[in-house]
Structures are given as C-alpha cells and as structure tokens.
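# Generate a structure from the sequence data that follows.
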Amino acid sequence: MSERQGRVDPGRGAATWRDGDTPVLPAPQGVRGWWRVLRRGVPAVVVLLIGVILILPLRLTERMFHGPRRPWTGPYVQGVCRLVLRCIGLRWHRVGKPMRGPGAVVANHSSWLDILTMNAAMPVFFVSKSEVRSWPGINILTAVTNTHFVTRDPKLAREQAAQFAARIRAGHRLLFFPEGTSTDGQRVLPFKPTLFQGFLDPDLPDSLAIQPMSVIYRAPAGTDPRFYGWWDDMALADHLLAVLSAPVQGDVTVRLSAPISVSGHTRKTLSAAAEKLVREGFDFGSKTS
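Residues are numbered from 1 along each chain as shown. Predicted structure coming up:
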C-alpha cells in the first residue's frame, strides 16, 4: 500500500481535535484504486447534484402548503443521503426510534460522513459553525441538508437564539455536536455545556426534549480502526479519496437513545445527561461490533 503525505486543510482551523498520532491517509492504488473512486464517486456526485436541483422547486411548493415546516423536504433529504451512502458502498443501520414531538438531537462527531449517516437515520438539520459554509465539497452537502449556521460572536447570541427557537417551533429537528469538533471516531469528547443554554429559552415549547444519538463507524477489515475519522489537519480531498478507493467498505451504526425532557434541567445537568447517554450508546455499539 503506497501512501502520500497528507495535505493540510486550511479551513479546519485551530478548533480541530488533535492527538499527536494522525495516520497518513492511503491513496488510490493503480487502475483498480482509481476505478473504485470513479465507480463510487461519480454516482454519488450525480445524486447530490440532482438532489440540489430538485429540492428547490420542492421547497417552494412545500412552503406554499406548510410555511416554515419541512414535512416533505426532510424525508427527501433523508432519501438522498441514503442513496449517496449506497453509491459509496458504506453500509449503515439504525438502532432505536426517532423521537416525536418538539426537540433536537445531540451526537458525537467523527467525520464529514456524519452528514450522510445521521441524515440517513432520521430527518435532521445540522447546526454548524459558519466557517463550514465555505469548505469546498462540504458546502454542497450543507446546502442539500439545509444546515443552520451559527457565528461565534457574543453580539449575535440573542439573534441566533431567536433563529434557533423559531426553527424548533417550526418542527425542525436541529442536530448539534456538543464536542465542538470531529474526532478519530474512537471516542466521545467531553460535551460543552454552553451549547445547551439554547435549549432553555423560554420561547421554546414546554415539552421540548433532546434525543442523544451515538454514531459508531467500523473500519474495513485490515485497516486502521480510525479509517472513517476525519480530524486534525486532514484535507477533505485526501480523506474522500481514501474512503472512495477502499477495496471494501466497513459499516456504521446509528444508535438513538430515549429522549431527555428539558424541563427541570440546567444547561450543565442537561449536558451531563446527554453526554452520558451518547457515551453509553457509543461504548455499547463499539463493544458489539
């Protein structure tokens, strides 16, 4: 297996997680390796582009009948992501049932693949830092999935909290990454309680609940267990080529825990309760792989 020195993705910044032992990503090998890249990558890009084109008129029609609610485009995006995963060859399955009623989802974060695997499991709308909007490739995925971007500026906190509450009231299932960054997929980092303050806004429904989601990637046999993790200064293009050129793919499990009622919690107790369930789901899924 030949390898090449990985490029540095300038868009990831200082916030990315590092552990001092980042592997060099495997590059496509020979004609067969590049054939796998084309065989998986071209259909995936075509599905995404068609998905972007068709969602525009669908959203306009949906708005006429349902206003800000997304009863059509949510499941539509879910279907697009399932098709892309099929094109890539990454098998996935879900354990547990998606919550009903008003609420949000919190999950561990391992990779750009989370956009596909989490959306395949249930209709969600990601909450991400505004810098991600300009990342080539990722910006297509965020456009298809109608990601909610936030800016780390205290001056905008009130405005952004109002936007967040409006989407929750409209029935949007927003998904947060309380770790604040992606990892190698082999751990759950401590949650940042500050993020949970948004769930305590008095304008939100009293019955609001948070559903913990644990995502466990299993690498192809014989490869580094961290194969699907995207962290440190890994360039997106290099990681994408490594995944697409793999001779065989691994699989991913999305575990949904029972929702946690927000009522009666502080941001710290809510964060601790959500982290406990995400960690338990992750550890259980990792042991049963």
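# For this structure, which strand extends over the most residues?
Using DSSP state E, we find that the single longest strand of the chain is strand 209-218.
# Show me what it pairs with in its sheet, parallel or antiparallel.
Using DSSP bridges, the strands paired with strand 209-218 are strand 103-107 (parallel), strand 251-256 (antiparallel), strand 260-261 (antiparallel).
# next one: it to chain centre, how far?
Relative to its parent chain, strand 209-218 has a centroid offset of 10 Å by Cα atoms, centre = their mean, to the nearest Å.
# what pLDDT, on average, does that strand get?
For strand 209-218, the mean pLDDT works out to 97.
# again, but for stretch 231-242
91.
# before we move on, what about stretch 22-39?
93.
# Would you work out how far apart the start and end of that stretch are?
With Cα to Cα, to the nearest Å applied, stretch 22-39 spans 28 Å between its terminal residues.
# For it, buried residues please.
Within stretch 22-39, the residues scored as buried using 16 or more other Cβ atoms under 10 Å are Pro23, Leu25, Pro26, Ala27, Pro28, Gly33, Trp34, Arg36, Val37. Yep, even glycine has a C-beta here, placed from its N, CA and C like the rest.
# What is the nearest of the residues you listed to Leu277?
Pro23 (30.0 Å; Cβ to Cβ).
# Could you identify which of the strands paired with strand 209-218 is most buried?
Sort those by mean neighbour count, taking mean count of other Cβ atoms under 10 Å, and strand 103-107 sits at the top with a mean of 26.
# Please list the outside residues in contact with that one.
The contact list for strand 103-107, computed with Cβ atoms under 8 Å, 6 or more residues apart in numbering, reads 99, 114, 118, 122, 124, 168, 173-178, 191, 199, 208-215, 259, 274, 278.
# ditto for stretch 239-248
Contact with stretch 239-248 is made by 25-29, 32-34, 36-37, 40-41, 88-90, 111-113, 137, 220-221, 223, 227-228, 230, 249, as judged by Cβ under 8 Å, 6+ apart.
# sorry, back to before: JSON lines please, covering the buried residues of stretch 22-39 and showing secondary structure.
Putting the buried residues of stretch 22-39 into JSON lines (DSSP: H, G, I helix; E, B strand; the rest coil) gives the following:
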{"residue": "Pro23", "secondary structure": "coil"}
{"residue": "Leu25", "secondary structure": "coil"}
{"residue": "Pro26", "secondary structure": "strand"}
{"residue": "Ala27", "secondary structure": "coil"}
{"residue": "Pro28", "secondary structure": "coil"}
{"residue": "Gly33", "secondary structure": "helix"}
{"residue": "Trp34", "secondary structure": "helix"}
{"residue": "Arg36", "secondary structure": "helix"}
{"residue": "Val37", "secondary structure": "helix"}
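# so which pair among these is furthest apart in space?
Checking those with Cβ to Cβ, the most distant pair is Pro23 and Trp34, at 21.2 Å.
# C-terminal to the worst-scoring helix or strand of the chain on mean pLDDT, what's the next element?
Lowest mean confidence among the helices and strands of the chain (mean pLDDT, DSSP states H and E): helix 138-144, at a mean of 71. The helix or strand immediately downstream of helix 138-144 is strand 148-150, counting by DSSP states H and E.
# Tell me the confidence at the nearest residue to Pro68 once chain neighbours are set aside?
Nearest in space to Pro68, with sequence neighbours left out and distances taken as Cβ to Cβ, 6 or more residues apart in numbering, is Ala170 at 4.0 Å. pLDDT, Ala170: 85.
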